[in-house]
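Participant: Here's my sequence, what's the structure:
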Amino acid sequence: MKFSTKDRYALRLMLELSNHPSDEFVPLKTVSEHQGISLKYLEQIITPLSRAGLVVSGRGSQGGYRLARPAAEYTAGEILRAIEGELTSIPCLASNAEICPRRGQCLTLGFWAGLNDVINRYADSVTLEDLRGTPDAAL
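Facilitator: Coordinates of the predicted model:
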């Protein structure tokens, strides 16, 4: 499984918002400057995060975005799923996948299902609060 730049930047965006007071709206321009991510790319990333209810937007001169909940209540898995959908190692394990005609004879299916389980459990065990620590805090 390979995570995209969009996935990595979504985590960085959420971490940047978590570093501000919970009632403060942070303009995407500020996030762009602090994180070295283009404003246009951040605009693409914030949309699914907003749709998922992970961030709240504010309009006007003091507008921007803030977390909808405390950082400790977000998991990396939740954020990644808002961007990518399911975290699956192979397409046939996705909940909306068609039944694979080889499913009954696939000797590797258990391996892939186990890998999915490990990936999802780990992603769901790490919170934004955990990530706010040292750069390797989640390792």
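Participant: Bridging across strands, which residues link to the closest residue in space to Glu24 that isn't next to it in sequence?
Facilitator: In this structure, Glu24 finds its nearest non-sequential neighbour in Arg66, 6.2 Å apart by C-beta to C-beta, 6 or more residues apart in numbering. Yep, even glycine has a C-beta here, placed from its N, CA and C like the rest. Beta-bridge partners recorded for Arg66 (DSSP bridges): Val56.
Participant: My read is that Arg66 contacts Gly58, right?
Facilitator: Yes - applying C-beta atoms under 8 Å, one finds Arg66 in contact with Gly58, separated by 7.2 Å.
Participant: which SSE is Asp117 in?
Facilitator: Counting by DSSP states H and E, the element that carries Asp117 is helix 109-125.
Participant: Put the alpha carbons of that helix into CSV.
Facilitator: The C-alpha coordinates for helix 109-125 follow below in CSV (Å, rounded to 0.1, in the frame of the first residue of the first chain):
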residue,chain,number,x,y,z
LEU,A,109,-6.3,-13.7,0.6
GLY,A,110,-5.7,-14.3,4.3
PHE,A,111,-2.3,-12.6,4.1
TRP,A,112,-3.9,-9.5,2.5
ALA,A,113,-6.8,-9.4,4.9
GLY,A,114,-4.3,-9.7,7.8
LEU,A,115,-2.3,-6.8,6.4
ASN,A,116,-5.4,-4.7,6.1
ASP,A,117,-6.2,-5.4,9.7
VAL,A,118,-2.7,-4.4,10.9
ILE,A,119,-2.7,-1.2,8.8
ASN,A,120,-6.2,-0.1,10.0
ARG,A,121,-5.6,-1.0,13.6
TYR,A,122,-2.3,1.0,13.6
ALA,A,123,-3.8,4.0,11.7
ASP,A,124,-6.7,4.0,14.2
SER,A,125,-4.4,3.8,17.2
